[in-house]
Each structure stands twice: as structure tokens, then as C-alpha cells.
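# Please work out how this folds:
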Amino acid sequence: MAPAATRLRLGCVALLAIAPLSCTTSRGGPAAHVAPTPAVAPATAPPVVRAPPSEHPEGFAVGTPDVVERDVDGDGLADRVRVIPRVERPSDEPLTFGDLPPTLVAHRLADGRFAVDDDLTRAALRALCPDAPPARFSVDPSPIEADDDGERDRRAKTLYLDALCARAWGRSPDAVAAALRATLSDAGAAVVPAALIEAMVRALAPLRFAFTLRPLEVAFPSTGPAGRAIADAGAPSAAPTLAATIDPACRAAVAANARLRANALRAGARIAAGPNPPERTIVDWTPPELPDEPRCLAGPAGTWSLRFVSLADAADDNGLVGPIRLTFAPASGPGRWAPATLPLPWMQGVYATRTYALDRTFDWDHDGRPEVVVRADVWEHEGASESARTIFSARDGAVVAYGPAANFNGRILGVEDADGDGRGDLLLPTAWRFDDGCGMAGIAHEGPTLLAHSLPDGGFSTRDAAARAWVTGACEQLSSAGELPQSFADRDVWRVVCARVWGASPEHIIAALRADHRGRPRLQPGHNDQEVCYPFQALASLALVAPPFALP
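Prediction:
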């Protein structure tokens, strides 16, 4: 089964629901639900005339300073993103907007051409400009502390983006210039002086849009179409643990690692007893070896083991450090095969650790020698803690990374049989995530994880029916208890993602989302309020990311 974050249950009343649904659930399968309603769509949709795609979209020439290539929608093709025009200030650094999600986009199509007017490009602009700005712009005239340059810049940027969005909603350059200049009479000149206003007018003058934003009256769908249920594969398979009696095939590896560790600890003790001992030594804080972190797995085909090449007390905050190798010794035939040295060393330090363990084995390629999943656990003081997995194989006398998993190695969250076909599928990080501005380092808000479905030929697919069912199953797994994501941000991430995987257009999703967030600002607020510590665009831009599988 998936981790807790993956198995998040979404209540019948919420997420994408407008009205309560009658639903039942079973572990591992989606809820039964009423007949599906159409995906997000305008009540009355006027015909839209779109600019045709082209090989050389105007204003998006690669090689110019304000155009970068970036895969905006996650389809593997490099789109072109035009940076929002900077505002030059005569006596200060320019106002720039590189921290905003992509806004002005030329969407690369499968045939190599670029669309400047399609669902993606309109959605990217609507994420920044969800509402038509008022006829009269305003600037917060409240006093700013002399040394608070950040707040001064934020107010100036907000005014500038109001003007840019007014252009996106069809206001003429002259009308926008007049509205900017009018703010000088509203006590705003102390915050945004006349010289800066004129710089904004000049920056916006050459800007052109391929389309004009229009109001969209839409709502989230009450439910999505039925997806193929993920089979209930039973209890999750447990990761192997070290038994009280060590397998004879593992005794040599365990003993060698223990000797190196003991030597390192003795060296640390000598350093601590010396004339110039460091502030911290390995002796003071290194925990004992944990019995549930195996370094060796033995099976009928052979033995996988992690072996330290060397291990030493670094006599500093890095603590116990040493390179580590993954080895395979076949049960019969030649001895141990050429090992693979893991790219980053083992480290148990005061402020950071990086340790390795063998998660489990599975014979994906059916050659009689099971592949092994190596787990790297990383912890940083006041930073992220994460576990990532890489699959290795024993081939032609050597230990190598498993080729069919090359696109996933190093970011695999777990391995489990998601659809009950007897093969190990790969759990992958979500494609939908943003970090807010709360706390010291921000808080991550994530949607459902993805699945790389294991295929009979030893490969994996993130695009087939099982991969899609993994995500739609998470969206459909509505609990009668009404359990929802705890924060407003998490709730809305799932609303956006689930509407997207059920086929709603990104522009319509953003319009529906805005109906619930009329007051959320365009830029990061200058204070840590859990309800407003992320701008609307950060959340809305998740709608631009397409699922890797085919939509209905």
C-alpha cells in the first residue's frame, strides 16, 4: 500500500465536490459514486478564435535575454517562456519578476510548432491575472519603515502587475498609462514615485498579447468519471529486517562493516583524548547500529550486500564518513562480481546524515538474479529529510544501475504491487507541488504521487491504465468519515489536480479556483499568516502541469 501521504482520503463533501455525494469505500479501491457530471466548462461558451501555431512565435525568439526554455506542462517538450518585462529604476536595482511561475508562454506542440493561444498559454496568464483589475489602480499609502525595502518593492510590483493584467484583459496602453499616473494623486507617490511610474509605462509599452482574457463562470465538477480500480493487493509487503541469527551468506559482510566501524570509533576516542580535541566527536553522539536497517540480503540466486570501503571519524561536524559499495556474490559460479560504488559517501554527522540500506529484491528482468532496491536516507538539521531509492542489477559480472528504471532511479519513493499483478511497481514523487512562504523555510503542499507500472518485459510505464488508475483512485477514494487534507492549501492542490486528471481544461480550473480565492494576493505577502502565506499564482499554476497519462 502507498504511504500515508499517498493514501490521503478525500471526504465526500469536499475536494472537487459542490454537493455531498453518497459513497462507500474499500481499502485499495475507489469509492462508488453517482453518475459523473461534465468536466469544468463555461455555462455558455462563446466561440473562441485562436491564433494559429507557428514555428517562430513572435516575441519568443530563443537567444534573447528575456526568453528561456522550460517544460511548463511536464510533457517532456521545452516550451518558451517570456520573462515579465523588468522595470528599470534610475537610482536602484530594477524590479524583476523571475520568482513568478511562467506567465507569458509559447507552448511547444508535438509537431515542433508553438502555440501562443491555447488552453495552456491562456491558463498561464490567467494564473497571474485571474480578475480584471479595477478601472482605477490603488497603492497602499500606509507608512513603510525606512529600511523595509522589501515591502516597498512589493507594493511597486503589485501596482505594475495590476497594470500588466489590465493590458491582458484588453485595456489599451494609453488607458493603462493614465491609470498608473492617476495613482500619484492618491498619496501613493511616497511609495511609487513619478519616475518609477514612467518607467512602468515604458516597460509595458511594447508588450503584446495573442489573446484577451474574458470572464469565465465555472465551477469544479462534483465528481469525475469512473476510473479502473487499483486492485487490493492485500497487506503491504514488509521491508526485510535483520534477524537475530545472521544468514551465513551475510556473515562476512556484516563482520567487515563492524570492524571498520569499531576502528573509526576508536580513532575518534583517541582524537577526543588528544591535546586539541574538537568541539564534537563521533564518540559523543553516534547511535548504535540499528537492527532494522539491513546491509545484506541473501537469496537462492546470490547475496546482495553494502560494504564500507573505509570508514573514519572526520573529527568535525561531518562525523563518521566513508565510501560504500554495493556488491553481489552469486550462489554458484564465479565469486563476487565487480561492485558499484555509490556516488555519495555514507555520513553520520551532527547536522546532516546520509545512510544506506537494502530495501528489498525483485526479479524485474526475469534472468533468475533479482534486482535490489537501495534506499538512501538523508537528514539535514532545519532542512529536508527524505528517502529515495535506486534499483541495481547484476549483469555480465558487474553490479550496474537497472537500465529500465533509469528515468526513475534516485527519486523512487517506494516499491509495491499496486494493481495485484505480482510485479513491483514504483511509487514516484507527485508532479504537483509548491512551497509556501510560511515558517523559516516554507511548507510543501503536494498532490497525489505517481506510479510507474511494472510491465511484463521488465520495463515501466507512467502512461498506461494502471498508472492512471493510481491517481484517479486517490481522487476517488472518498471516505464516509469526511477526512480531508488539513490545510486549505493541501485541499486546493488536490482539487486542482483531480479536476485536471478528470479532463478539465487548466484555464477553467483556474477560473473556478479563483471563485474561492477572491482576496488572495498576486505576490507573496509580507507576513507569515497560514491562510495567506502563498500567492494565488503559486497554487493556480499547478493546473498547468499535465498528468503523464492520457486524459479522458
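
# any idea how far residue 413 is from residue 364?
Using CB to CB, to the nearest Å, we find residue 364 at a distance of 17 Å from residue 413. To be clear about C-beta, it is placed using only N, CA and C from the backbone, and glycine gets the same treatment.

# all helices of this protein, in order?
For the chain, applying DSSP state H gives helices covering 119-128, 149-168, 173-182, 194-204, 251-273, 282-285, 465-476, 488-501, 506-515, 536-540.

# worst average pLDDT in the ones you listed?
Of all those, the minimum mean pLDDT falls on helix 282-285 (a mean of 47).

# Could you pull up the residues touching residue 507?
119, 122, 123, 126, 216, 543 (CB atoms under 8 Å, 6 or more residues apart in numbering).

# Find the nearest non-adjacent residue to it, please.
On the basis of CB to CB, 6 or more residues apart in numbering, the spatially nearest residue to residue 507 that is not a chain neighbour turns out to be residue 123, at 4.1 Å.

# Isn't the one you found up against residue 512?
No. Taking contacts as CB atoms under 8 Å, residue 123 lies outside contact range of residue 512: 11.7 Å.

# Can you name the residues bridging to residue 389?
residue 375, residue 412 (DSSP bridges).

# residues contacting it?
Taking CB under 8 Å, 6+ apart as the criterion, residue 389 is in contact with 359, 373, 374, 375, 376, 409, 410, 412, 413, 414, 415.

# Please render the residues you listed as TSV that adds distance to residue 449, neighbour count and pLDDT to the earlier fields.
Putting the contacts of residue 389 into TSV (distance: CB to CB, whole Å; neighbours: other CB atoms under 10 Å; pLDDT from 0 to 100) gives the following:
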residue	distance to residue 449	neighbour count	pLDDT
359	17	20	89
373	16	26	96
374	20	22	95
375	16	19	93
376	18	18	93
409	16	19	95
410	16	14	93
412	11	22	96
413	6	21	95
414	9	22	93
415	13	25	94
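
# coming back round to it: state the pair within the contacts of residue 507 that is farthest apart.
Greatest spacing in the contacts of residue 507, by CB to CB: 216 and 543 (12.8 Å).

# ok, those two, which is more surrounded?
Taking neighbours as other CB atoms under 10 Å, residue 216 and residue 543 compare with residue 543 leading, 30 against 21.

# That one and residue 428: what is the separation?
Taking CB to CB, one finds residue 543 at 20 Å from residue 428.

# My guess is residue 67 contacts residue 81. True?
Yes. Residue 67 is within contact range of residue 81, at 7.1 Å (criterion: CB under 8 Å).

# Look at these two and report which has more neighbours.
Neighbours were counted for residue 67 and for residue 81 using other CB under 10 Å; residue 81 has more, 21 against 17.

# Find me the pLDDT at that one, would you?
97.

# now do the one 5 residues further on
According to the prediction, residue 86 has pLDDT 92.

# That one: what's it in contact with?
94, 95, 96, 97, 203.

# just curious, which of those is nearest to residue 475?
residue 97 (33.0 Å).

# Let me see the contact set for the spatially closest residue to the closest one that is not a sequence neighbour.
Using CB to CB, 6+ apart and skipping the chain neighbours, the partner closest in space to residue 97 is residue 84 (4.1 Å). Going by CB under 8 Å, 6+ apart, residue 84 touches 97, 100, 103, 104, 161, 164.

# biggest separation within those residues, which pair?
104 and 161 (12.5 Å).

# Was I right to think residue 126 contacts residue 543?
No. Using CB under 8 Å as the test, residue 126 is too far from residue 543 to be in contact (9.2 Å).

# who touches both of the two?
The contact sets of residue 126 and residue 543 overlap at 507, 510 (CB under 8 Å, 6+ apart).

# Geometric centre of the chain: which residue is closest?
Centroid check for the chain by CA atoms, centre = their mean gives residue 433 as the closest residue, at 4.0 Å.

# how much space between that residue and residue 446?
5 Å.

# got any residues that touch both of those two?
Contacts common to residue 433 and residue 446, judged by CB under 8 Å, 6+ apart, are residue 493.

# among the contacts of residue 84, who's most crowded?
Ranking these using other CB under 10 Å puts residue 164 first, with 26 neighbours.

# how about that residue, what does it touch?
84, 128, 129, 204, 207.

# let's see 10 Å
Neighbouring residues of residue 164 by CB atoms under 10 Å, 6 or more residues apart in numbering: 84-85, 97, 103-104, 125, 128-129, 133, 176, 200, 203-204, 207, 209, 522.

# just residue 322 next, same as before
Residue 322 sits in contact with 257, 260-261, 264, 308-314, 345-348, where contact means CB under 10 Å, 6+ apart.

# For beta bridges, what are the partners of it?
Beta-bridge partners, per DSSP bridges, of residue 322: residue 346.

# Report the separation between it and residue 251.
Relative to residue 251, and taking CB to CB, residue 322 is found at 21 Å.

# With residue 177 instead?
80 Å.

# Pick out whichever of these two has more residues nearby.
Per other CB under 10 Å, whichever of residue 177 and residue 251 has more neighbours is residue 177, with 18 against 12.

# Go ahead and confirm the more buried one touches residue 198.
Yes. Residue 177 is within contact range of residue 198, at 8.9 Å (criterion: CB atoms under 10 Å).

# Tell me which stretches of the stretch 351-500 of the chain form strands.
352-362, 371-380, 385-395, 398-401, 414-416, 425-428, 433-435, 444-446, 450-454, 460-461, 478-479 (DSSP state E, counting those that start in this stretch).

# about what we covered before: can you put the contacts of residue 389 in a markdown table and add distance to residue 156?
Formatted as a markdown table, the contacts of residue 389 follow (distance: CB to CB, whole Å):
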| residue | distance to residue 156 |
| --- | --- |
| 359 | 51 |
| 373 | 51 |
| 374 | 50 |
| 375 | 48 |
| 376 | 44 |
| 409 | 45 |
| 410 | 42 |
| 412 | 45 |
| 413 | 42 |
| 414 | 46 |
| 415 | 50 |
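
# List just the nearest of those residues to residue 383.
For the contacts of residue 389, the nearest to residue 383 is residue 376 (15.2 Å; CB to CB).

# Report the separation between the residue lying closest to residue 499 once chain neighbours are set aside and residue 539.
Nearest residue to residue 499 in three dimensions, chain neighbours excluded: residue 509, at 4.9 Å (CB to CB, 6+ apart). Distance, residue 509 to residue 539, by CB to CB: 11 Å.

# Show me which of these two is the more surrounded one.
The neighbour comparison of residue 509 against residue 539 (other CB under 10 Å) goes to residue 509, with 29 against 25.

# didn't the more buried one look like it was pressed against residue 123?
Yes. At 7.6 Å, residue 509 counts as touching residue 123 under the criterion of CB under 10 Å.

# so what sits against both of those two?
Going by CB under 10 Å, 6+ apart, residues that sit against residue 509 and also against residue 123 are 540, 543, 544.

# Are there residues contacting both of residue 509 and residue 539? Which ones?
Common neighbours of residue 509 and residue 539 (CB under 10 Å, 6+ apart) are 127, 495, 496.

# Which helix or strand in the protein has the lowest average pLDDT?
strand 10-11 (a mean of 30; mean pLDDT, DSSP states H and E).

# ok, back up a step: nearest to residue 464 among the contacts of residue 84?
residue 103 (33.5 Å).

# how about the closest one, what does it touch?
Applying CB under 10 Å, 6+ apart, the residues near residue 103 are 81-84, 97, 121, 124-129, 161, 164-165, 168, 537, 541.

# Type out the PyMOL command that picks the buried ones from those residues.
In PyMOL, this line selects whichever of those come out buried by 16 or more other CB atoms under 10 Å:
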select buried, resi 81+82+83+84+97+121+124+125+126+127+128+129+161+164+165+168+537+541
